[in-house]
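Peer 1: requesting a structural model of the entry that follows:
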Amino acid sequence: MSLGTKGEGGTIVLRGILSTLLKPGITLSVVTILTVAGVALFIGDGVITPAISILSAVEGITLVPGLSGLAGGDVLLIAAFIAIGLFLIQKKGTEHVAWMFGPVMLVWFIALGITGAIAILAAPQVLLALSPTYAFAFVMENGITSFFVMSAVILCVTGGEALYADMGHLGREPIVKGWYCVFPALVISYLGQGAYVMAGGATKNVLFSMVNSIFPPGYIPFLLLSICATVIASQAMISGMFSIVYQAMNTRLLPRMKIDYTSAELRSQIYIDTINWLLMIAVLVVMVGFGSSENLSSAYGLAVAGTMLISAILMLLIFILQAEAIKAMVCGLLIEVDILFLLSSFVKIPAGAYWSLLIAALPFVIILAYIRGQERLHEMLKPVPLDEFIKKYTVAYETLPKIHGTALYFTGDVCRVSPYIPQIFFQNEILYENNILVSIVSQDKPFGIETDFDTNLGPGLQVFTIRCGYMEIVDIIPLLRAQGIEEKTIFYGIENIVSDRFFWKIYSIIKRSRRHLSSSTRCRPKRSTAS
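Peer 2: As a prediction, the model looks like this:
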């Protein structure tokens, strides 16, 4: 978590760091492919994690006296309602409910530690498992069987891959400090569950069975606490998804989508409507498709292992290039463990792990198609440097007839004029008496609107710049009128892609969808005419 940019984490951030350390070439291209694969696998992981977390917690209801005969369909329905409720509150922002996350999770991990410690008393020899010699002995004695067991062991470390991606949403310090409580509580709980099984306890729903045997009156409160904890854990995964997609949009790996900033203090607190509902539908489909957490556990872990391995490889490259030998050695060891986890997880493919690959394949293809499409489009429609544009514009303005009135031309960056504007001026020979380039710039602060009107760019050519806070909804019309601007026409550029080739068709669909997904941007004119 020492590797970050503006407090953000994740594989895209690692790629950003490497792009400053590597020269353009094959190595950087491989890094980009690994990054895209990491993002895609994280998305696949982001679908299965909330599904298995919520299902496993709700299944504890079957141990409540009188509810042991509860049908699987009823459990599934309860889990589905909880999942739907979780996604419905996303638009409110985690800031409004996060005040209770810390206390609930603290109580949860304390409960795990206490119940685990009590269970250890029944078979204290389980503490010997802290010695790695037993793990090595198990591997040597059981051979290929131990390899298959690793595909189940990875379930103990899932969630770790989400912490780094969630750094931008939650902050590095809370995650690091929280780990001092989380890590010992988890270790004690796992040892306690092992001791419970060694003492002859149930081997199904081990945690809930252990707690029920230790303190039956406290089982229902513990069950409710576990449901709250899994909802919060699922929330962290969803927040991580928002962060990764946001980074992908900012680094032009994904098209722009509507973003709602839910916090006036932290710009990283965001909500992406499209991602939220697509993720909810995918989670519900996975829940219904697998039916139980036991079935899901057979499919879970492959995407996690892939994400962890890719992150470790990218970190290793960074530490090597930065000449940090100790960190590079640690990453080398992590890579060995992650490779073992990944290879062992391949045995889960027939049991349903292919679902995570199928889910990951969709964003992988979309990202690659978008990257290649943008590169090709940029080659064909290169922005024009402002100095070069002004020279051509001055000649055109002096020689071509002009239309009476004022026209506005929206451009993302005034220093690099959008290519549709020169096409209107120089190819279509459409010039107005007054031509104003309008640029809207989102700032890091949440509120505030500043305008700048430069009237000396060229004959009949001005620039109107609006700088707005990221939470502002700007009504452009009053700002224009305040400067005495009365537009006759508004121009903006839209690309249409027509092709029979597979990837170009995908890119064309992305471009068309982008207009709808990003139509409600934070800074927009409330009325306009388009040409």
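
Peer 1: can you give me the helices in the stretch 351-500 of the chain?
Peer 2: Secondary structure of the stretch 351-500 of the chain, counting by DSSP state H, counting those that start in this stretch: helices at 354-380, 386-399, 420-422, 476-482.

Peer 1: for Tyr300, which of those helices is the nearest?
Peer 2: Nearest to Tyr300, of all the helices of the stretch 351-500 of the chain, is helix 354-380, at 7.6 Å by C-beta to C-beta. Every residue, glycine included, has its C-beta placed from N, CA and C.

Peer 1: quick check: buried residues in the closest one?
Peer 2: Buried residues in helix 354-380, counted by 16 or more other C-beta atoms under 10 Å: 355-357, 359-360, 363-364, 366-371, 373-374.

Peer 1: out of the residues you listed, which is nearest to Val463?
Peer 2: Gln374 (25.6 Å).

Peer 1: shaky segments in the protein?
Peer 2: 66-72, 93-99, 169, 262-269, 444-446, 470-472, 495, 513-531 (pLDDT under 70).

Peer 1: so in it, which strand runs the longest?
Peer 2: strand 432-443 (DSSP state E).

Peer 1: list the buried residues of it.
Peer 2: Residues of strand 432-443 classed as buried: 432, 434-440, 442 (neighbour count, 16+ other C-beta under 10 Å).

Peer 1: and if you look at stretch 168-184?
Peer 2: Residues of stretch 168-184 classed as buried under the neighbour-count rule (16+ other C-beta under 10 Å) are 168-170, 172, 175, 178, 182.

Peer 1: just the ones of those residues in helices?
Peer 2: Filtering these for membership in helices, criterion DSSP state H, returns 168-170, 172, 175, 178, 182.

Peer 1: wait, isn't Gly44 in contact with Phe364?
Peer 2: No - when contacts are counted by C-beta atoms under 8 Å, Gly44 is not listed as touching Phe364 (9.2 Å).

Peer 1: before we move on, the earlier item: show me which of the buried residues of stretch 168-184 is closest to Ile320.
Peer 2: Of those, the one sitting nearest to Ile320 (C-beta to C-beta) turns out to be Arg172, at 23.0 Å.

Peer 1: related to what we said a few turns ago, so which of the buried residues of strand 432-443 comes closest to Gly201?
Peer 2: Closest approach between those and Gly201, by C-beta to C-beta: Ser442, at 56.3 Å.

Peer 1: for Ile349, give me its contacts.
Peer 2: 302, 357 (C-beta atoms under 8 Å, 6 or more residues apart in numbering).

Peer 1: against Ile48, how distant is it?
Peer 2: Distance, Ile349 to Ile48, using C-beta to C-beta, to the nearest Å: 14 Å.

Peer 1: ok so, going back, Val149 is nearest to which of the helices of the stretch 351-500 of the chain?
Peer 2: That would be helix 354-380 among the helices of the stretch 351-500 of the chain, by C-beta to C-beta, at 19.9 Å.

Peer 1: and that closest one, what does it pack against?
Peer 2: For helix 354-380, the elements it packs on are helix 26-58, helix 273-290, helix 302-321, helix 502-517, judged by 3 or more C-beta pairs under 8 Å, 6 or more residues apart in numbering; DSSP states H and E.

Peer 1: at 7 Å instead, please
Peer 2: Secondary-structure packing of helix 354-380 (3 or more C-beta pairs under 7 Å, 6 or more residues apart in numbering; DSSP states H and E): helix 26-58, helix 302-321, helix 502-517.

Peer 1: roughly how far apart are the closest residue to Met287 other than its chain neighbours and Met308?
Peer 2: Excluding its sequence neighbours, the residue lying closest to Met287 (C-beta to C-beta, 6 or more residues apart in numbering) is Ala51, at 4.9 Å. As for Ala51, its distance to Met308 is 20 Å (criterion: C-beta to C-beta).

Peer 1: now do Cys181
Peer 2: 22 Å.

Peer 1: do Thr62 as well
Peer 2: Taken as C-beta to C-beta, the span from Thr62 to Met308 is 32 Å.

Peer 1: can you add distance to Ile17 and give the helices of the stretch 351-500 of the chain back as CSV?
Peer 2: Shown next, in CSV, are those (distance: least, C-beta to C-beta, whole Å):
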stretch, distance to Ile17
helix 354-380, 19
helix 386-399, 31
helix 420-422, 34
helix 476-482, 37
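
Peer 1: go through the helix or strand hosting Val330 and flag the buried ones.
Peer 2: Per DSSP states H and E: Val330 is located in helix 325-345. The neighbour-count check on helix 325-345 (16+ other C-beta under 10 Å) flags 327-328, 331, 334-335, 337-338, 340-342, 344-345 as buried.

Peer 1: out of those, the closest to Val187 would be?
Peer 2: Out of the buried residues of helix 325-345, the member with the shortest distance to Val187 (by C-beta to C-beta) is Val337, at 16.9 Å.

Peer 1: OK, contacts around Ile424?
Peer 2: Neighbour list for Ile424: 430, 491 [criterion: C-beta atoms under 7 Å, 6 or more residues apart in numbering].

Peer 1: go on, the one 10 residues further on?
Peer 2: Contacts here follow C-beta under 7 Å, 6+ apart; on that basis Asn434 touches 406, 460.

Peer 1: give me the beta-bridge partners of it?
Peer 2: For Asn434, the beta-bridge partners under DSSP bridges are Thr406.

Peer 1: okay, now the nearest residue to Ala325 once chain neighbours are set aside: neighbour count?
Peer 2: Spatial nearest neighbour of Ala325, excluding adjacent residues (C-beta to C-beta, 6+ apart): Phe319 at 7.9 Å. Neighbourhood size, Phe319 [other C-beta atoms under 10 Å]: 19.

Peer 1: quick one: Phe319 from Ile326, how far?
Peer 2: With distances taken as C-beta to C-beta, Phe319 is found 9 Å from Ile326.

Peer 1: again, but for Gly373
Peer 2: For Gly373, the distance to Ile326 - C-beta to C-beta - is 42 Å.

Peer 1: mind listing what the residue nearest to Lys6 when sequence neighbours are not counted touches?
Peer 2: Residue nearest to Lys6 in three dimensions, not counting chain neighbours: Gly168, with 7.8 Å by C-beta to C-beta, 6+ apart. Applying C-beta under 7 Å, 6+ apart to Gly168 gives the contacts 7-9, 243, 268.

Peer 1: ok, Gly168 to Thr5 distance?
Peer 2: Following C-beta to C-beta, the distance that separates Gly168 from Thr5 is 9 Å.

Peer 1: ok, Leu368 next?
Peer 2: In terms of C-beta to C-beta, Leu368 sits 23 Å off from Thr5.

Peer 1: what sits against Pro385?
Peer 2: Neighbours of Pro385 in contact, by C-beta under 7 Å, 6+ apart: Arg416.

Peer 1: mind redoing it with 10 Å?
Peer 2: 391, 415-417 (C-beta atoms under 10 Å, 6 or more residues apart in numbering).

Peer 1: what does Leu362 give?
Peer 2: Leu362 neighbours (C-beta under 10 Å, 6+ apart): 40, 43-44, 278, 282.

Peer 1: so what's Cys415 closest to, chain neighbours aside?
Peer 2: Once flanking residues are discounted, Cys415 sits nearest to Leu386: 5.1 Å by C-beta to C-beta, 6+ apart.

Peer 1: OK, contacts around the one you found?
Peer 2: Leu386 neighbours (C-beta under 10 Å, 6+ apart): 393, 411, 413-417, 437, 457-458, 463.
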